[in-house]
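Trainee: Dropping a prediction and its sequence here:
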Amino acid sequence: MNKKISFPIAIIIIIVLTGLVIGGVLAYQYWWAPEEEIEEISPEDETADWKTYSYKNDKKEYEFEFKYPDIITISRDYGLWIDMVHSVPFEHDDPCDFKGDASPLEKLIDFKITIYVIERNLIEAMCSAPYDYEVDCSSYIIDNEVKPDPGYVDEIAINSLHGYRITTGVEGCGRYEYYFSLNPEVTLVIWRSFIAEFNPAATTLAEEYLKIPGIITPEKEEELFNQMLSTFKFIEKEIKELSLEEMVYENSKIYRDRNYSLEIICPNKDVCFLGEKNQKISILSSKIDSIKDYFIEELSIEFKVGSNNNCEKSTISMATGPEGKKIVSENLTEQGWPETLKINNLNFYRHFSSQSAMGGKSIVEYGYKTFHDDICYEIILVSKGANNVESGKIIREEIFFPILSSFKFIE
């Protein structure tokens, strides 16, 4: 007698069999089926076919390059002054001729930037035009610091360039002024002109001008400008390994590097010795009576070389108090570590960092950096141990400054 399978049991069997089939398929796909290769599509580099402009000078300092599209032309190149424009033939009245007596313009310029390289620091550059006349900067330079004012003075960063943009002009006529520090002594200034023809505040014909064939629209103009600056990079010099040679001369020791023709002198030959990889001077603090009781375990002067761009990132790295770096800067100055020094006609800029260690000990770096032939040199005093203000003063006045004051480049 045949027995019929009840309907609920049949449903259960079907579910189980379906689960086994699905599980088998998934297991096959996971363990045995060949993996499907997924083609990664890289975003297209729109600047790949652009031209390259290279800025170079006789001293071979702060040299850089950037890309620009074929449609942009260099109308003037005087080395420290470069004009880059795009225009279309179209005779029209100048919308920025407020007197109304100017001759008609033969072309409509829809892209124009002027690039200057100024041998001044950022603050000085923002307070003086490229033509050496003074600019009233009192509203945004206060206590030798830039005070941003949104819409007027804005902080700006485009790839490796960091600085400020000043907006100046009236009734749609004017320009953006960009200021980027290339190193503490050189500033890149870019004037980007407003295109008044496209601004309804300057003319009632803005919509008509935008219909002219071949025009670069305001949106495209800004996009091209940002793309051009995003390709900015320094032309890196070959950075060779620094290796000091030690020579004894009477009661002192002279340290020289032949690759970079630099020289520095330790006035006491009994306390200075070449350190690791011939790139630092080790100092025996135990032989210096004035600090041997301060438990300074290790004392050395280290040398670093690099490109301007890399050295620029080396700044004060310790921050205390509500205003952070500013307080550290003021305290260091009060303690006898000035922000800038001038030694043998070289400008030196302070570097400082501090790191706590076990047992109340610390690692402190006091140092200065200078620039020469597009190379950055850092001379850093490293002190490990029970550092305090008193020991720091002795180390600074009796060891570091006497050695640093001898730094020079030999012919």
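Mentor: Okay, I see it.
Trainee: Bridged to Ile379, which residues?
Mentor: For Ile379, the beta-bridge partners are Phe303, Tyr368 (DSSP bridges).
Trainee: please begin residue numbering at 41 from this point
Mentor: Sure, I'll start counting at 41 from here, so that last one is Ile419.
Trainee: Quick one, grab the pLDDT at it.
Mentor: Here the pLDDT value assigned to Ile419 is 90.
Trainee: List the contacts of it.
Mentor: Ile304, Ile341, Glu342, Phe343, Gly407, Tyr408, Lys409, Leu444, Phe447 (Cβ atoms under 8 Å, 6 or more residues apart in numbering). All C-beta spots, glycine's among them, are computed from the backbone N, C-alpha and C.
Trainee: ok, now Thr243?
Mentor: For Thr243, the contact set (Cβ under 8 Å, 6+ apart) comprises Pro135, Gly212, Ala236, Glu237, Tyr249.
Trainee: SS state for it?
Mentor: Secondary structure, DSSP: H, G, I helix; E, B strand; the rest coil: Thr243 is coil.
Trainee: Ranking by neighbours, what's the top pick from the contacts of Thr243?
Mentor: Glu237 (26 neighbours; other Cβ atoms under 10 Å).
Trainee: Flag the least confident of the contacts of Thr243.
Mentor: Minimum pLDDT across the contacts of Thr243 is recorded for Gly212, with 90.
Trainee: which residues does that one contact?
Mentor: Taking Cβ under 8 Å, 6+ apart, we find Gly212 in contact with Pro135, Cys136, Phe234, Ala236, Asn239, Pro240, Ala241, Ala242, Thr243.
Trainee: Quick check: it vs Tyr218, distance?
Mentor: Applying Cβ to Cβ, to the nearest Å, the value for Gly212 to Tyr218 is 19 Å.
Trainee: Same check on Ile182?
Mentor: Distance, Ile182 to Tyr218, by Cβ to Cβ: 21 Å.
Trainee: and Ile111, that one's in a helix?
Mentor: No. Assignment of Ile111 by three-state DSSP gives coil, placing it outside any helix.
Trainee: Identify the bridge partners of the residue lying closest to it once chain neighbours are set aside.
Mentor: Among residues not flanking Ile111 along the chain, His126 sits closest, at 5.5 Å (Cβ to Cβ, 6 or more residues apart in numbering). Assessed by DSSP bridges, His126 has beta-bridge partners Phe151.
Trainee: Need the per-residue pLDDT for His126.
Mentor: For His126, pLDDT reads 97.
Trainee: same check, this time on Asn349
Mentor: At Asn349, the model reports a pLDDT of 53.
Trainee: same thing with Thr113?
Mentor: pLDDT, Thr113: 94.
Trainee: what's near enough to touch it?
Mentor: With contact set as Cβ under 8 Å, 6+ apart, Thr113 has these partners: Met124, Val125, His126.
Trainee: Filter those residues down to the buried ones.
Mentor: Using 16 or more other Cβ atoms under 10 Å as the burial test, the contacts of Thr113 include Met124, Val125, His126 as buried.
Trainee: From Asp117, how far off is the second one?
Mentor: Using Cβ to Cβ, one obtains 12 Å as the distance from Val125 to Asp117.
Trainee: As a markdown table, the buried ones among the contacts of Thr113 with distance to Tyr95 would be great.
Mentor: A markdown table is the format used below for those (distance: Cβ to Cβ, whole Å):
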| residue | distance to Tyr95 |
| --- | --- |
| Met124 | 12 |
| Val125 | 18 |
| His126 | 20 |
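Trainee: Looking at the residues you listed, which is nearest Glu276?
Mentor: Among the buried ones among the contacts of Thr113, Met124 lies closest to Glu276 (Cβ to Cβ), at 23.7 Å.
Trainee: Greatest separation within the contacts of Thr243: which pair is it?
Mentor: Gly212 and Tyr249 (12.2 Å).
Trainee: where's Ser445 relative to Glu290, distance?
Mentor: From Ser445 over to Glu290 (counting by Cβ to Cβ), the distance is 18 Å.
Trainee: neighbour-wise, which of these two wins?
Mentor: Ranked by neighbour count (other Cβ under 10 Å), Ser445 and Glu290 place Ser445 first, with 14 against 6.
Trainee: Verify the contact between the more buried one and Ile383 for me.
Mentor: Yes. Between Ser445 and Ile383 there is a contact under Cβ atoms under 8 Å: 5.7 Å.
Trainee: For Leu302, give the beta-bridge partners.
Mentor: Going by DSSP bridges, Leu302 forms beta bridges with Asp297, Phe449.
Trainee: How about the one 4 residues further on?
Mentor: According to DSSP bridges, the partner residues bridging Cys306 are Lys293.
Trainee: which ones are touching the residue lying closest to Ile256 once chain neighbours are set aside?
Mentor: In this structure, Ile256 finds its nearest non-sequential neighbour in Asp150, 4.4 Å apart by Cβ to Cβ, 6+ apart. If you count contacts by Cβ under 8 Å, 6+ apart, Asp150 has them with His126, Ser127, Val128, Ile235, Glu237, Phe238, Ile255, Ile256, Thr257, Glu261.
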